[in-house]
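Enquirer: When you get a sec, could you give me coordinates for this:
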Amino acid sequence: MSLSRRRMLASGAALAIGGLSSTKSIEAKAGTIPPDVPEWMHEQGRPILSPAYGLPSKFEKDVVRRIREPRATDTEAFSVTPLQNLHGIITPNGLVFERHHAGVPEIAPDQHRLLIHGLVDRPLILTMNDLLRFPAVTRIHFLECSGNSSTEWRKSGYHSVQRTHGLLSCCEWTGVPLSTVLGEVGLKPDAKWILAEGADAAAMTRSVPIEKALDDALLVYAQNGEMLRPEQGYPVRLFLPGFEGNMSVKWLRRLKIGDRPWHTREETARYTNLLANGKAYQFAFEMDVKSVVTFPNADRSFKAPGAYEISGIAWSGRGHVTRVDVSVDGGATWHRARLQEPVLDKCLTRFRLPFNWQGQPLEIQSRAYDDKGWMQPTRSSLIAARGTNPRYHFNAIQGWKVAADGVVTNAST
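Expert: Numbering: from 1, shown residues only. Predicted coordinates for the structure are as follows:
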């Protein structure tokens, strides 16, 4: 016996399955709900190669990078990742956040060269073809700007997780271990630091400790299975897992080995953290343990009382996440969330917690721990330790208020 849509509606079966709300079914056009046959089943779909490079559905047109606020130019600027629309831990290449200091250079790979010199036995210039001949590795790591959530040092007024935490992405990176290339050139005994220089108009430069270079640093040329996008450093970038993002210098053209840091503009005038006593941290490389709830959020929230899954992401630049707790009462009580595999070093970890919302106002928070013994601090304790002068490395617990109508706002505003 066939079951008609009308009979399903009459029985209420189409409105509630296991306690889940089915608002989408109620809003669907007549004739589209099974077992009725929708109009798109009466005709052929688009042919293959339309387009040749696949694109998201037109119904996902609003899932895009955005600017957080206007800046003096659109080349010394940044865009933020729509964390609220992502699932799992991988960020699609077209949604990875951008941070440029002089725009995106257009570099022909056959014209690009990487110079390695300084305190080495055999200075070397590599072409891209040379680099692709080295043994490669592929790893999944997050990339976070040190200014991510910097607005939360003071009350930002931003209610979207894309604006508060969107200077964060996570990809599968492929390239050559920097240690392999340094083995080719031979380090002199007093080699302690490396100057990394980009080929953009800003000649972005950062000093990197030799210990990091010999540990897990990569010369990356591919991202999520394809060559780097231009805005991510095509044709090659340095990648330092767990370190603040600006140190993973894009469009890498030079590595100079020396015996001390260079104290470049980017590590004196910028990317330093001014404390309340007037002193500043010049070098703060690792990104601290951190987490944020991405559902519910200001752009995608509870529609009606019923069963949901609170979800978010956690990460640590020092190792891997071991635990995430979630509170729905502003931190008064905590519930341990499930960590979805894989749980990797210096990588985003997805956490989930089933939740039955009864329509009451809430304040949702998450709190992460890592394998090095660090716990994500409260906002008040972080500010008590560092004041409100810093612009970087804000990793405090983020609260989201959920009103009785489901509207989500930033709890710190």
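
Enquirer: Do I have it right that residue 355 meets residue 310?
Expert: Yes. Here residue 355 lies in contact with residue 310, judged by CB atoms under 8 Å, at a distance of 4.9 Å. (Glycine included, C-beta is placed from N, CA and C.)

Enquirer: higher neighbour count, these two?
Expert: More neighbours surround residue 310 than the other of residue 355 and residue 310, with 22 against 18 (other CB atoms under 10 Å).

Enquirer: Look up how far residue 361 lies from that one.
Expert: In this structure, residue 310 and residue 361 are separated by 15 Å, where distance is defined by CB to CB, to the nearest Å.

Enquirer: What's the separation between residue 95 and residue 192?
Expert: Applying CB to CB, one obtains 38 Å for the distance of residue 95 from residue 192.

Enquirer: if you count what's nearby, which of these two comes out ahead?
Expert: Between residue 95 and residue 192, counting by other CB under 10 Å, residue 95 is the more crowded of the two (19 against 16).

Enquirer: I'd guessed the more buried one sits against residue 84; true?
Expert: No. Residue 95 sits out of contact with residue 84 when judged by CB under 8 Å, with a separation of 11.4 Å.

Enquirer: Helices along the stretch 101-250 of the chain, start to end?
Expert: Under the criterion DSSP state H, counting those that start in this stretch, the stretch 101-250 of the chain contains helices at 128-132, 161-165, 178-185, 210-215.

Enquirer: Run through who's touching the first one.
Expert: By CB atoms under 8 Å, 6 or more residues apart in numbering, the residues outside helix 128-132 that reach it are 109-110, 112, 114, 176, 219, 221, 235-236.

Enquirer: Among those residues, which one is most surrounded by other residues?
Expert: Of all the contacts of helix 128-132, residue 236 has the most neighbours under the rule other CB under 10 Å, reaching 28 neighbours.

Enquirer: And that one, how close does it get to residue 223?
Expert: Distance from residue 236 to residue 223, counting by CB to CB: 11 Å.

Enquirer: what's the answer for residue 71, then?
Expert: Remark: distance between residue 71 and residue 223 (CB to CB) = 25 Å.

Enquirer: Looking at the two, which is more packed in?
Expert: Neighbours per residue, other CB under 10 Å: of residue 71 and residue 223, the larger number sits with residue 223, 24 against 11.

Enquirer: okay but the more buried one is in contact with residue 234, surely?
Expert: No. Under the criterion of CB under 8 Å, residue 223 lies out of contact with residue 234, with a separation of 9.2 Å.

Enquirer: so residue 227 bridges to which residues?
Expert: Listed by DSSP bridges, the beta-bridge partners for residue 227 are residue 222.

Enquirer: Surely it is in contact with residue 220?
Expert: No. Contact status for residue 227 versus residue 220: not in contact, 10.2 Å apart, counting by CB under 8 Å.

Enquirer: For those two, indicate the residue with more neighbours.
Expert: Taking residue 227 and residue 220 together and counting by other CB under 10 Å, residue 220 has the greater number of neighbours (27 against 16).

Enquirer: Pull the contacting residues for the more buried one.
Expert: With contacts defined as CB under 8 Å, 6+ apart, the neighbours of residue 220 are 173-175, 228, 233, 236-239.

Enquirer: mind running it again at 7 Å?
Expert: When contacts are counted by CB atoms under 7 Å, 6 or more residues apart in numbering, residue 220 touches 173-175, 228, 236-237, 239.

Enquirer: and residue 294, how many neighbours?
Expert: Residue crowding around residue 294 was assessed by other CB under 10 Å; the count is 25.

Enquirer: Point me to the helix or strand that includes it.
Expert: In this structure, residue 294 sits in strand 290-295 according to DSSP states H and E.

Enquirer: Pull the residues that contact that strand.
Expert: Residues outside strand 290-295 that contact it (CB under 7 Å, 6+ apart): 83-84, 161, 165, 310-315, 324, 364, 366-368, 376, 395, 398, 400.

Enquirer: Swap in 6 Å and give it another go.
Expert: Outside strand 290-295, the residues within contact range by CB atoms under 6 Å, 6 or more residues apart in numbering are 83-84, 161, 165, 311-312, 314, 324, 364, 366, 368, 376, 395, 398, 400.

Enquirer: Pairing partners for it, with directions?
Expert: With DSSP bridges as the test, strand 290-295 pairs up with strand 306-315 (antiparallel).

Enquirer: Quick check: mean pLDDT of the strand it pairs with?
Expert: Average pLDDT, strand 306-315: 98.

Enquirer: and what of stretch 246-265?
Expert: For stretch 246-265, mean pLDDT is 97.

Enquirer: any idea how far residue 189 is from residue 175?
Expert: Taking CB to CB as the measure, residue 189 and residue 175 are separated by 27 Å.

Enquirer: May I see the buried residues of the strand holding residue 294?
Expert: Buried residues in strand 290-295, counted by 16 or more other CB atoms under 10 Å: 290-295.

Enquirer: Turn these into TSV, columns for pLDDT and distance to residue 271.
Expert: Shown next, in TSV, are those (pLDDT from 0 to 100; distance: CB to CB, whole Å):
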residue	pLDDT	distance to residue 271
290	98	18
291	98	23
292	98	22
293	98	28
294	98	27
295	98	32
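
Enquirer: of the residues you listed, closest to residue 301?
Expert: Proximity of the buried residues of strand 290-295 to residue 301, judged by CB to CB, is greatest for residue 295, which lies at 8.1 Å.

Enquirer: Next one: the closest one relative to residue 408, how far apart?
Expert: For residue 295 relative to residue 408 (CB to CB), the value is 10 Å.

Enquirer: again, but for residue 133
Expert: The span separating residue 133 from residue 408 equals 51 Å under the rule CB to CB.

Enquirer: Thank you kindly, that will do.
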